[in-house]
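Student: Need coordinates for the following:
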Amino acid sequence: MVKTIVIAGIVAATLANLWLGAFSFLKARSRGRYYSLPALFAGGALYAACYVVELLRPDLDGVLACLGFEYLGIQTMMLSLVFLAREFKGKEGIRPLALLALATIPVVTVVLGFTVSSHELLYVDPYVESIHGLTVVRFGMGPWYWVNVLFVYGVYAYAGVEFARILIRSASMRKAQARLMLAGCAVPFAESILYLAGLTPGGIELSPVAFALSGAFLASGIFRYGLFDVRPIARDAVFEHMHDAAIVVDADGFIADANRTARGLFPRLDEDGSCLPLSELGSAYPELARLPAPGTLADTASLRLRVGEEERAFDVQASNISGRSGRNRGSVILLYDVTERERLQACLIEQASTDDLTRVANRRRFYEVAEAELERAGRHGRPIGFAILDMNGFKDINDGYGHQAGDDALRLVARLCVGELRSCDLVGRVGGDEFAFVLPESDEEGAAAAAGKLRRLVGAATLTVGTATVRLSAAVGSVGCSGPVYPDLAELLTIADRRMYADKPRFAAAKANKAAKTAAPR
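Tutor: Down below sits the predicted model:
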């Protein structure tokens, strides 16, 4: 059911993009201008169509083959949206050097997308997994991945600023037009929030559908209201009512205006904000001082501010403001409060990778890290070790003292292991009373030494349950590898597991010896 809904939605988005693209192309041709909109829909159609193919391909190579075309579609959309926003404010041309600078990131991103399997700039250690019958690629995020994310959101923020300026300073019909354009910019952000929160069907990313809806709003604003017949002429007063902080800086670098949210973040703006140089405000907040000077196109930075008793995180963007003649009039600085988004991302990551009971890595996270560390060790010719620990007599603790005592024992063992091992080692709970360990830079001898420490540490631990004292015990098996041939992870863990079970007779012998001493006559 989820598969059908997702595929149907993305196919519908593809068809909608194609239809809107053809319609807008005919409209643009009749006017001899505004070809940026059909280009935007063409990019959306290409991205959506290739995303459908990606979801239905069963293998990683097939999925990666689609990525170059998907990035081509996305970057076409981003460049088209920049031109659309400029046409919106009455500036259709763009200087060659500015165009070259604007196209640099999209061109590099597309090239990296087509060659994604030969580098780790975009995706690190990609792999696929099946969710509701759909193939979803999982990956670590390379450095250029974040460059592309900032570029895409920067383009939408830039366009949103331009549309917001029209929203406030024009007549009622123009406001209705601008609302549609702003809605078009807001839809992709809303989809990102739903995706991060796990609220999309099957947890599948639905960016193609969001882009199609965004394009529909933009097309409606353009053709329903004759959007480009009016030009913006007044300063942007909408800032006063924005949730995000906004600061307007003139061409000489002095703060010309600030909205209520900005004045709350920077109290000095309430005192003498109208004559305060931005550099003076930036002296207290270096992130603001590093923003581009008025006249540059756009850039972003991160900023942390203490608001009351709480520190909050902001994404800061500066965009230039130009008059109808193209002359620079200053810039607008927007501060987007991303505190809740960062908390949500951190919470989702922790929930997906942490064992609820012991707060160490869960089974999925352990295997992800173990595979990555083994691959790294093989690539660089470095030693690596693994160990498996299984508690002795855990069932006796559960049966004799209750499951709460068993949970307490597991938490104690996890805490002891984390405290004993190095910061680079990973502790994971992979079964009921079974823990596994990744030991980077540890050969056979090093892994055995670590296993011995863990065995002695757990064996010396006791747990108080009411008036009873329960002594803990564990069997530990280890394995190390120094190359040049590295077995796969399953083989290494099998060896460690076999050695762990070979360690079990120590516990059995100790238990039998204790029973014999108890039964012996005095």
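
Student: Output the contacting helices and strands for the host helix or strand of A13.
Tutor: Assigned by DSSP states H and E, A13 falls within helix 2-31. On a contact count with 3 or more CB pairs under 8 Å, 6 or more residues apart in numbering; DSSP states H and E, helix 2-31 meets helix 36-56, strand 134-141, helix 207-225. Where C-beta positions appear, they are placed from N, C-alpha and C, glycine not excepted.

Student: quick one: average confidence on it?
Tutor: The average pLDDT within helix 2-31 is 79.

Student: Next, please give the residue ranges for the helices of the stretch 401-522 of the chain.
Tutor: Shown for the stretch 401-522 of the chain, the helices assigned by DSSP state H, counting those that start in this stretch span residues 403-420, 444-459, 489-502, 504-519.

Student: Could you figure out how far the second one is turned away from helix 489-502?
Tutor: Yep, that's helix 444-459 we're talking about. 50 degrees (axes from the mean of the first three to the mean of the last three CA atoms, to 10 degrees).

Student: Let me see the mean pLDDT of helix 444-459.
Tutor: pLDDT averaged over helix 444-459 gives 94.

Student: what residues does it touch?
Tutor: Outside helix 444-459, the residues that touch it by CB atoms under 8 Å, 6 or more residues apart in numbering are 383, 385-387, 389, 391, 413, 416-417, 420-421, 425, 437, 439, 442, 471-482, 503.

Student: For I10, see how far away R498 is.
Tutor: From R498 over to I10 the distance is 47 Å, taken as CB to CB, to the nearest Å.

Student: Looking at these two, which is more packed in?
Tutor: Set R498 next to I10 and count neighbours by other CB atoms under 10 Å: I10 wins out with 23 against 13.

Student: Including mean neighbour count, distance to V465 and mean pLDDT, could the helices and strands packed on helix 2-31 go into TSV?
Tutor: Formatted as TSV, the helices and strands packed on helix 2-31 follow (neighbours: other CB atoms under 10 Å; distance: least, CB to CB, whole Å; pLDDT from 0 to 100):
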stretch	mean neighbour count	distance to V465	mean pLDDT
helix 36-56	23	51	85
strand 134-141	15	42	82
helix 207-225	22	53	70
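
Student: could I get the ones you listed as a markdown table with distance to L97?
Tutor: Output for the helices and strands packed on helix 2-31, formatted as a markdown table (distance: least, CB to CB, whole Å):
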| stretch | distance to L97 |
| --- | --- |
| helix 36-56 | 20 |
| strand 134-141 | 31 |
| helix 207-225 | 27 |
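
Student: give me phi/psi at V332?
Tutor: Main-chain dihedrals, V332, degrees, to the nearest 10: phi -120, psi 130.

Student: Check what pLDDT T464 gets.
Tutor: Listed pLDDT for T464 reads 91.

Student: Now it: closest residue in space that isn't a chain neighbour?
Tutor: Among residues not flanking T464 along the chain, V470 sits closest, at 7.6 Å (CB to CB, 6 or more residues apart in numbering).

Student: Surely the one you found is in contact with I397?
Tutor: Yes: counting by CB atoms under 8 Å, I397 is a contact partner of V470 at 6.1 Å.

Student: Now the common contact residues for these two.
Tutor: With CB under 8 Å, 6+ apart, V470 and I397 have common neighbours 405, 409, 463.

Student: Contacts only, for the second one.
Tutor: Translated: A409. With CB under 8 Å, 6+ apart, A409 has these contacts: 391, 394, 397, 463, 470, 472.

Student: Who wins on neighbours among those residues?
Tutor: I397 (23 neighbours).

Student: For my notes, confirm that one occurs in a helix.
Tutor: Yes: I397: assigned to a helix according to DSSP: H, G, I helix; E, B strand; the rest coil.

Student: Look up how far A98 lies from it.
Tutor: 70 Å.

Student: For the protein, which segments count as strands?
Tutor: For the chain, the strands defined by DSSP state E occupy 123-131, 134-141, 245-250, 255-258, 298-307, 310-322, 328-337, 384-391, 426-429, 434-440, 462-465, 468-471, 474-481.

Student: The fourth one pairs with which strands?
Tutor: Yep, that's strand 255-258 we're talking about. Strand 255-258 has the following strand partners under DSSP bridges: strand 245-250 (antiparallel).

Student: Pull the distance from the partner strand to the chain's centre.
Tutor: In terms of CA atoms, centre = their mean, to the nearest Å, the centre of strand 245-250 is set 29 Å apart from its chain centre.

Student: Hey, what's the angle from it to strand 310-322? Just curious.
Tutor: 40 degrees.

Student: which residues does E129 contact?
Tutor: Taking CB under 8 Å, 6+ apart as the contact definition, E129 lies against 135-136, 138.

Student: now do 10 Å
Tutor: 135-138 (CB atoms under 10 Å, 6 or more residues apart in numbering).

Student: Quick check: phi and psi at the residue nearest to R363 when sequence neighbours are not counted.
Tutor: Nearest non-adjacent residue to R363, counting by CB to CB, 6+ apart: V430, 4.7 Å away. Main-chain torsions, V430, degrees, to the nearest 10: phi -110, psi 0.

Student: residue contacts, V430?
Tutor: By CB under 10 Å, 6+ apart, the neighbours of V430 are 355, 360-364, 366-367, 370, 388-389, 436-437, 493.

Student: if we go to 6 Å?
Tutor: Contacts for V430 were tallied using CB atoms under 6 Å, 6 or more residues apart in numbering; they are 363, 366, 436.

Student: Surely the last one is in contact with V427?
Tutor: No: counting by CB atoms under 6 Å, no contact exists between A436 and V427, whose distance comes to 8.0 Å.

Student: before we move on, the earlier item: most neighbours among the contacts of V430, please name it.
Tutor: Neighbour-wise, these (other CB under 10 Å) top out at A436, 25 neighbours.

Student: Check the spacing between the residue nearest the centre of the chain and V338 real quick.
Tutor: Among the residues of the chain, the one closest to the centroid is Q345, at 7.0 Å (CA atoms, centre = their mean). For Q345, the distance to V338 equals 9 Å [CB to CB].

Student: list residues touching both of these two?
Tutor: Common neighbours of Q345 and V338 (CB under 6 Å, 6+ apart) do not exist.

Student: count of neighbours near R306?
Tutor: For R306, using other CB under 10 Å, the count is 9.

Student: Quickly note the distance from it to A346.
Tutor: R306 is 19 Å from A346, by CB to CB.

Student: do the same with V438
Tutor: 22 Å.

Student: Which residue of the two possesses the greater neighbour count?
Tutor: Neighbour totals were compared for V438 and A346, and V438 leads with 25 against 10 (other CB under 10 Å).
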